[in-house]
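*Asks:* Sequence plus predicted model, see below.
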Amino acid sequence: MNVTIVDYNSGNISSVINSFKEVAKDKVKIEVTSDLNKIKSSNKLVLPGQGSFKSCVDALNKIDGLTDTLNEFAITNKKPILGICVGLQMFADIGYEETETKGLGWISGKVSKIDNQNGKYKLPHIGWNQINIVKESKIFRNINNNSHMYFVHSYEFIPNDKGVISTTTDYSSKIVCSVEKENIFGTQFHPEKSDKMGLKIINNFINL
Amino acid sequence: MLKNRIIPCLDVKNGRVVKGINFVDLKDAGDPVEQAKIYSDGGADEICFLDITASNENRDTIYDVVEKTSKKCFVPLTVGGGVRSVEDINKLLNCGADKVSINTAAVENSKVVIDSSKKFGSQCIVVAIDAKKNGDKWEVFTHGGRKNSRVDALEYAEQMEKNGAGELLVTSMDRDGTQVGYDIDLMSKISSKVNIPVIASGGVGNLDHLVDGIKLGKASAVLAASIFHYGKHSVKEAKDYLDSKGIPVRI
C-alpha cells in the first residue's frame, strides 16, 4: 500500500509529510511527488494546500496533466483522496479569494470569505476549535464529538448539497470543517497539526 | 467556540534553550527538542521558538532544531529570530516550521511581509512587535530590543495587517523578564485596532497574568516562557486555571 502526498508547490507541506510518516511508520509507504505516473499508481492521495485558493489552483495548473490525472484518480477510478485546507476548498466549483477562480468541481459549491460580522470576529480563524459531527464519516472513526482541531483560514467551503458535510464548527457562523462524498474526503482544519486526534484521522484515512 | 491559546516560548541560542531576563543574563536550560515535546504532550496549543542571538551569530543550528522538533510535535510550531528575507522564511518552513515570526526585517523592509504573505499565505506570517512605552505612546524596537525605530506601535500594527500579517506577536519591552504581568494597555489597544489575532507576550509571572492578557488585554493567545520553563507551572495547570476563570481553552 502506498499513499502519495501531491507536491505541487502549494506552500509548506513539511508538516503534512512528517505527520503521515509518523502514522505510517514502516507499514505504509508515503510518497511525496508531482510525478503523474506515480500519482496514477498510488492507492490513496493527499492533496494539501496553503495560501490562497487562486495560488493553489494556479500551482495545480502549472504542472502539465496534473488536473487530468487527479480527475481520473478521484472521479473515474474513485480511489480515496484527502484534501486538507485549501486542498479541500479546491474540490468546489469556484473560489472567490483574490479573484474568481474555477476549482476542480468535484463537490458542487463555492468558497467564499468567512462573514466576520463587521469585525466582531477576528480573521483568519486561527486556533483550536471543536467539531460537531453531523454525519458518520470513515475518517472520523473513534473520534469523539466536540474534539478539538487546529484551524487557520479566512475562507470557507459552502457545498450546495449539505449531505456531504460530516463535521462543522462554530465561529461567526457554522463553518463546514469536513466533507465526505463517496471516495472524496476533505478537512478544513489541519489534522497534521491537531495533535493526537489529528493523527488518528490520518490513521483512519491510511487504513480506509 | 474558538479557544484561547497558550503558547510556551523557548528562547534558543546555538541550539540550546535559554531564557533572557530583559534580553540579557542568559541561563542554559536544556534541549529544545525535548522541551518542545514535553510542552506538546502537556497540552500546549502551539510551540514557539525564538532564536535570540540569530542576528549576530551562526544561525544554522536553528534549522536543525526545527527539523527535529517538527518530526516529534504535531501542534503548530512558530519560529522567529533573525528572519531577514523571504528566503529565510522559505528555509524555516521547509524545515517544518508552520509559522515564521518576523521582527526587525518587517520594520526595515515592508516588502518582506508583503512578499512572504503572498508567496506562502498570511497564515504562516507572524509579525513580532517589540514595543516600549514612551510618554503616552509605544515605540517599536528592533534588533532584539537594542534599537529604537521610533515607529509608533499602534500605527505599525495596523500597517502590518494591511501588509499581510496573519497574526501579531506583541511583546512589551518594559515588562519582558519582569514577571509583573503583560502591558494590558498596549495589548488591548493593539487588539482593538486590528482585525487579526494578537498574541500577548512579555512579563508573565503568574497564572492570573494569563487571565488578564485574555480578559483585559483582549489577546487571542498568550505566550509565556519562564513560568513554564522553570517548572513553576505546567501548561495543564495554566489551562485548568484559565478554565476555572471562564476562559475557553482546549482541555
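*Replies:* Sure, I can see it.

*Asks:* Nearest residue to the middle of chain B?
*Replies:* Residue closest to the mean C-alpha point of chain B, counted by C-alpha atoms, centre = their mean, is B:L169 at 5.0 Å.

*Asks:* That one contacts B:P197, doesn't it?
*Replies:* No - taking contacts as C-beta atoms under 8 Å, B:L169 lies outside contact range of B:P197: 9.7 Å. Just so you know, the C-beta spots here come from the backbone N, C-alpha and C atoms, and that holds for glycine as well.

*Asks:* picking up where we left off before, against chain A, how distant is the residue nearest to the centre of chain B?
*Replies:* Applying C-beta to the nearest C-beta, to the nearest Å, the value for B:L169 to chain A is 12 Å.

*Asks:* what does chain A put close to chain B?
*Replies:* Contact residues, chain A versus chain B (C-beta under 8 Å from any C-beta of the partner chain): A:11-12, A:14-15, A:18-19, A:21-22, A:50-52, A:55, A:116, A:119, A:122-130, A:148, A:150-154, A:170-171, A:192-196, A:198-199.

*Asks:* Go again with 6 Å.
*Replies:* A:11-12, A:14-15, A:18-19, A:50-51, A:119, A:122, A:124, A:126-129, A:148, A:152, A:170-171, A:193, A:195 (C-beta under 6 Å from any C-beta of the partner chain).

*Asks:* Which of those residues fall in strands?
*Replies:* Members of these lying in strands (criterion: DSSP state E): A:126-129, A:148, A:152, A:170.

*Asks:* And whatever helix or strand A:E156 lives in, what's buried?
*Replies:* If you go by DSSP states H and E, A:E156 is part of strand A:155-159. Under the neighbour-count criterion of 16 or more other C-beta atoms under 10 Å in any protein chain shown, strand A:155-159 has A:155-157, A:159 buried.

*Asks:* Output it as CSV, nothing but the C-alphas.
*Replies:* C-alpha atoms of strand A:155-159 as CSV (Å, rounded to 0.1, in the frame of the first residue of the first chain):
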residue,chain,number,x,y,z
TYR,A,155,-12.3,31.4,3.6
GLU,A,156,-14.9,28.6,3.9
PHE,A,157,-16.3,25.9,1.7
ILE,A,158,-20.1,26.1,1.2
PRO,A,159,-21.3,23.0,-0.6
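
*Asks:* could you say what helices and strands it packs with?
*Replies:* strand A:109-113 (3 or more C-beta pairs under 6 Å, 6 or more residues apart in numbering or on different chains; DSSP states H and E).

*Asks:* contacts for the strand it packs on?
*Replies:* A:53, A:89, A:92, A:94-96, A:155, A:157-160 (C-beta atoms under 6 Å, 6 or more residues apart in numbering or on different chains).

*Asks:* what's the neighbour count on A:T76?
*Replies:* 8 (other C-beta atoms under 10 Å in any protein chain shown).

*Asks:* follow-up on the earlier one: wait, which of the contacts of strand A:109-113 is closest to B:V249?
*Replies:* Taking C-beta to C-beta as the measure, B:V249 lies nearest A:Y155 of the contacts of strand A:109-113, at 26.2 Å.

*Asks:* Relative to chain B, how far out is the closest one?
*Replies:* 11 Å.

*Asks:* so that residue makes contact with A:E97?
*Replies:* Yes - in this structure, A:Y155 is within contact of A:E97 by C-beta atoms under 6 Å, at 5.3 Å.

*Asks:* Okay, helices next: where are they in chain A?
*Replies:* Ranges of helices in chain A, per DSSP state H, are A:14-24, A:36-41, A:53-62, A:66-71, A:86-89, A:195-206.

*Asks:* now the residue nearest to the centre of chain B, what's its secondary structure?
*Replies:* Under DSSP: H, G, I helix; E, B strand; the rest coil, B:L169 falls in the strand class.

*Asks:* before we move on, back to that, identify the residues contacting the strand holding A:E156?
*Replies:* A:89, A:92, A:97, A:107, A:109-111, A:113-114, A:175-176.

*Asks:* now do 8 Å
*Replies:* A:53, A:88-89, A:91-92, A:95-97, A:107-114, A:165, A:175-176, A:179, A:186, A:188 (C-beta atoms under 8 Å, 6 or more residues apart in numbering or on different chains).

*Asks:* Buried ones only from these, please, as a ChimeraX command.
*Replies:* This is how ChimeraX selects the buried members of the contacts of strand A:155-159, with burial counted by 16+ other C-beta under 10 Å:
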select /A:53,88,89,91,92,95,97,107,109,110,111,112,114,165,175,176,179,186,188
